[in-house]
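Trainee: Any chance you can model this:
(one chain, ligands or ions: 1)
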Amino acid sequence: MARPTSAAARGLRVLKPSADFQRQARLSGLAAYKRLHAESLRAPDTFWRRMAEEHVVWRKPFHEVLRWKPPHAKWFVGGSLNVAENCLDRHLGTNRENQAAIIFEGEPGDVRTLTYRQLHAEVCRAAHVLENLGVGKGDRVAIYLPMIPEAVVAMLACARLGAIHTVVFGGFSPDSLKDRINGCHAKLLITADGGWRRGKIVELKSAADKALEHTPSVQAVLVVKRTAQAVTMRSGRDIWWTEALAGAPNSHRAKAFGSEHPLFILYTSGSTGKPKGVLHTSAGYLLGAKLSSRYVFDLKDNDRYFCSADIGWITGHSYVVYGLMSNGATVFLYEGAPNQPGPDRFWEMIDRHGLTILYTAPTAIRAFMRWGDEHVLRHRLDSLRLLGSVGEPINPEAWHWYHRLVGKGRCPIVDTWWQTETGSIMITPLPGATPLKPGSATLPFFGVAPRVVDERGREVGPDQDGKLVITRPWPSMLRTLWGDDERYRRTYFGEYGEHPDWYFTGDGARRDKDGYFWIIGRIDDVLNISGHRIGTAEVESALVAHPAVAEAAAVGKPDDLKGQSLVVFVTLKQAAVATDELREQLRAHVAREIGALARPDQVRFAPALPKTRSGKIMRRILKDIAAGKPVVGDVTTMEDVTVIAALQDAC
Ligand code: WT7
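Mentor: Sure, this is the predicted structure:
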């Protein structure tokens, strides 16, 4: 990952919020931010009590703000609520009732709008259907759907019943779906016949059928009809969504659940082969998502907000569903690819629907840059007032392009740093308050106490590289890894012996003299490819499962478009022959095992892999080789140094 240099060092301007933006902002001026942030750290109990009382609809009030027995946090102890009620019922009888909750556009161009009242009715119907299928409090429900309104309905129906959803991104393979279902013993799967992507059908039902051969916990499958091609419906197990919902009542009495009742599990890549089931609970998560949406996106009643992330990622959970709907916002949902039918699809939709806020990823921005300015310039984009970025560090070149071409120099950009585990945005500008430095996620959100430290936990000086830690609990933090408390403790709280209460992010960062954070990227064995986390171990274990492969090592190579591209080094078994055909087979094999997002960009056959004497693969060396750089640094622990030259020659 390229090292960000400070804005000052690059001679870049600091961009202050414009007077126009400030005038209408929810929070104006840096002093206002500083006052609130300081209060949130000085008197966290008072601050969070006030926020929770103001922003959450409680069935029963809480009596204790935080119970912190590191690494386990309980927020708003004693309280009870219903998260779906917080997203829907609270808007009924207000002027939001008939406002659009979702404006949906499918890739083929079909448009559907659901008001808050209509969405509420759909969720109530779905809740009845789920209840009739035996789904109740604490049961797990897997959701494997395209970006269609039913995905939101399914999530909120689970929340309404106190069932725990686990959304699996539609691009994942049958095998990945199977692992996630089995990881949490889901009782029900909600899927679709297919979804539209680049003019083609993504066959979700047939993929689900493959997974379902090995998922004994699943008793029923609800199938949304989206693409309408023929699919196999297994009688006694598979039910059409529309038929089931048609007979169900459109009101539903929601029960209340405790503040710490689990809301969802979301699997994410870690540094071992097994994905981690990040668990989020109810009140704290909801408050974090709601408060950050409101202040980071400066939400107003007449906003039309577009987040391009899929519902299968945490961004879709917090910043399509829970954070936005609890605020009563109008969310634009788009099913398909950004370049279908042409490279201006986003800009065309922004104009046609009058969208005001766009939240997307640097990798998408770099793709738009590559496709050419003319596609953006053809559209007015005058409805936009705010832009956001998430998923990886945004390089200043992409930042300026986004600011100038898309935002016409008028829209602030919020570069938001956070993780699946943090549940909500942690380091971010507040657009009416924070002067921006392109490439920096700027300053911590309310209640967030980040620090950049060295190996021993000592804070490093300004502009020094270090590890990013969060030194206090926050309401939307993950509570554990599903079924693996020990891994939770080890992964996130085991880094510094003297500080068992510090959350370790896995990211490297630096802080400049103004206190601005510059995220460098992952320092563990996790890659960030187009804003998606992929564990090197997952890719390696998929590769060694192939009959031709003896050993494999996966590394990231800096890439202009994707941030990192995936390079794998492979040694073959005696009988196998290194051919281009095998190379293609291995790429397809990984895509089949994990999903297309993990398809290696490059497969390099090698006679041997560089290892330490204790047999650990030296990824650092492979990274240099993949990047075409000379191998520098210490190789004295290496078992056989001649391997380096052989690797450099290999292709
Ligand atoms: C990792 C988390 C949070 C939703 C999307 C990804 C990287 C995320 C930024 C940013 C620099 C960023 C970090 C982080 N990351 N946002 N604004 N600037 N890096 O969620 O899959 O859990 O990945 O994404 O490395 O640890 P995720």
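Trainee: number of nearby residues for the residue in the stretch 551-651 of the chain that the ligand sits nearest to?
Mentor: Residue nearest to the ligand within the stretch 551-651 of the chain (C-beta to the nearest ligand atom): residue 563, separated by 9.1 Å. (Glycine included, C-beta is placed from N, CA and C.) Taking other C-beta atoms under 10 Å as the criterion, the count of residues near residue 563 is 26.
Trainee: Could you check how far it is from residue 467?
Mentor: 20 Å (C-beta to C-beta, to the nearest Å).
Trainee: returning to that earlier point: give the bridge partners for the residue of the stretch 551-651 of the chain closest to the ligand, please.
Mentor: residue 559 (DSSP bridges).
Trainee: mind checking pLDDT for it?
Mentor: For residue 563, the pLDDT comes out at 91.
Trainee: Am I right that it is in contact with residue 532?
Mentor: No: the pair residue 563 / residue 532 is not scored as a contact, 9.7 Å apart, by C-beta atoms under 8 Å.
Trainee: secondary structure class for residue 102?
Mentor: strand (DSSP: H, G, I helix; E, B strand; the rest coil).
Trainee: mind listing the helices for the stretch 201-350 of the chain?
Mentor: Here the stretch 201-350 of the chain has its helices, by DSSP state H, counting those that start in this stretch, at 204-212, 241-246, 283-296, 314-316, 323-326, 345-353.
Trainee: hmm, the longest one touching the ligand?
Mentor: What that stands for is helix 283-296. No: no part of helix 283-296 sits near the ligand under the criterion C-beta under 6 Å from any ligand atom; the closest distance found is 11.4 Å.
Trainee: what distance separates that helix from the middle of the whole chain?
Mentor: 15 Å (C-alpha atoms, centre = their mean, to the nearest Å).
Trainee: Check for me that residue 165 belongs to a strand.
Mentor: Yes: counting by three-state DSSP, residue 165 is located in a strand.
Trainee: how about the nearest residue to it, chain neighbours excluded?
Mentor: The spatial neighbour of residue 165 that comes closest, neighbours along the chain excluded (C-beta to C-beta, 6 or more residues apart in numbering), is residue 158 at 4.2 Å.
Trainee: Let me see the mean pLDDT of the strand or helix carrying the one you found.
Mentor: Assigned by DSSP states H and E, residue 158 belongs to helix 149-161. Per-residue pLDDT over helix 149-161 has a mean of 99.
Trainee: counting contacts, what elements does that helix pack onto?
Mentor: Counting by 3 or more C-beta pairs under 8 Å, 6 or more residues apart in numbering; DSSP states H and E, the packing neighbours recorded for helix 149-161 are helix 83-87, strand 100-105, helix 116-132, strand 140-144, strand 164-167, strand 188-192, strand 262-268.
Trainee: Residue 646 belongs to a helix?
Mentor: Yes: under three-state DSSP, residue 646 sits within a helix.
Trainee: Using the three-state scheme, assign residue 424.
Mentor: Assignment for residue 424 (three-state DSSP): coil.
Trainee: Name the nearest residue to it, ignoring sequence neighbours.
Mentor: residue 288 (3.6 Å).
Trainee: Quickly note the distance from that neighbour to residue 263.
Mentor: Relative to residue 263, and taking C-beta to C-beta, residue 288 is found at 12 Å.
Trainee: about what we covered before: report the contact partners of the residue of the stretch 551-651 of the chain closest to the ligand.
Mentor: 1, 362, 363, 392, 393, 528, 529, 530, 531 (C-beta atoms under 8 Å, 6 or more residues apart in numbering).
Trainee: hmm, try it at 10 Å
Mentor: 1-2, 361-363, 366, 391-395, 521, 527-532, 556 (C-beta atoms under 10 Å, 6 or more residues apart in numbering).
Trainee: For residue 501, grab the count of nearby residues.
Mentor: 15.
Trainee: count of neighbours near the residue lying closest to it once chain neighbours are set aside?
Mentor: Nearest residue to residue 501, sequence neighbours excluded (C-beta to C-beta, 6+ apart): residue 70, at 3.8 Å. Other residues lying near residue 70 total 13 when counted by other C-beta under 10 Å.
Trainee: Same check on the one 5 residues further on?
Mentor: Residues lying near residue 75 (other C-beta under 10 Å) number 28.
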